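Enquirer: how would this look folded up:
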Amino acid sequence: QVQLVESGGGLVRAGDSLMLSCAASGRSFTIYPMGWFRQAPGRERDFVASISWNGGITDYVEAVKGRFTISRDNAKNTVTLQMKSLKPEDTAVYYCAAGSTGRRAYAYDHWGQGTQVTVSS
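Expert: This is a model prediction of the structure:
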């Protein structure tokens, strides 16, 4: 079992940057590919980015390419999502997930509790 705890959310203005972190504990973190999802009110949980177990392969939804960067530090059991040039449409609860590099939420086995990101215009 892997426990995931997100942090770093908050209220920012359009154009600002924010970095989300996901701290993992429990079973060996390094074997898990990881992902970030987000869920806005009234919407399904949408894929944002994923990273392979060794960080060698990353994937991003088109809407965040060039603005968001996913990375991981296996020595520290953390995954981060650096977000730049934030837009109001990035407003959502952001979730860290473990178990896949796919874009479908059902492929992931473990989830954090989420952290709110609000971008004002």
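Enquirer: where does the protein dip in pLDDT?
Expert: Applying pLDDT under 70 to the chain flags no residue at all.
Enquirer: the helix or strand in which Phe37 is found: which residues count as buried?
Expert: Using DSSP states H and E, Phe37 sits in strand 34-39. Residues 34-38 are the ones in strand 34-39 that count as buried (16 or more other CB atoms under 10 Å). Any C-beta I mention is one placed from the backbone N, CA and C, and that applies to glycine too.
Enquirer: can I get these in TSV with distance to Lys76?
Expert: Formatted as TSV, the buried residues of strand 34-39 follow (distance: CB to CB, whole Å):
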residue	distance to Lys76
Met34	13
Gly35	18
Trp36	17
Phe37	22
Arg38	23
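Enquirer: of the residues you listed, closest to Ala14?
Expert: Closest approach between those and Ala14, by CB to CB: Arg38, at 16.5 Å.
Enquirer: for that closest one, which non-adjacent residue is spatially closest?
Expert: Ala92 (3.8 Å; CB to CB, 6 or more residues apart in numbering).
Enquirer: and the strands in the protein?
Expert: 2-7, 10-13, 18-26, 34-39, 46-51, 58-60, 68-73, 78-83, 92-98, 110-111, 115-120 (DSSP state E).
Enquirer: which one of those strands lies closest to Arg104?
Expert: Nearest of these (CB to CB): strand 46-51, 7.4 Å.
Enquirer: ok, Trp53 touching Pro33?
Expert: Yes - counting by CB atoms under 8 Å, Trp53 touches Pro33, with 5.3 Å between them.
Enquirer: which of those two has more neighbours?
Expert: Pro33 (22 against 16; other CB atoms under 10 Å).
Enquirer: what about Glu44, how many neighbours?
Expert: 8.
Enquirer: scratch that, Arg72 is what I was asking about
Expert: 23.
Enquirer: is it bridged to anything, and to what?
Expert: Val79 (DSSP bridges).
Enquirer: do Tyr95 as well
Expert: Counting by DSSP bridges, the residues bridging with Tyr95 are Phe37.
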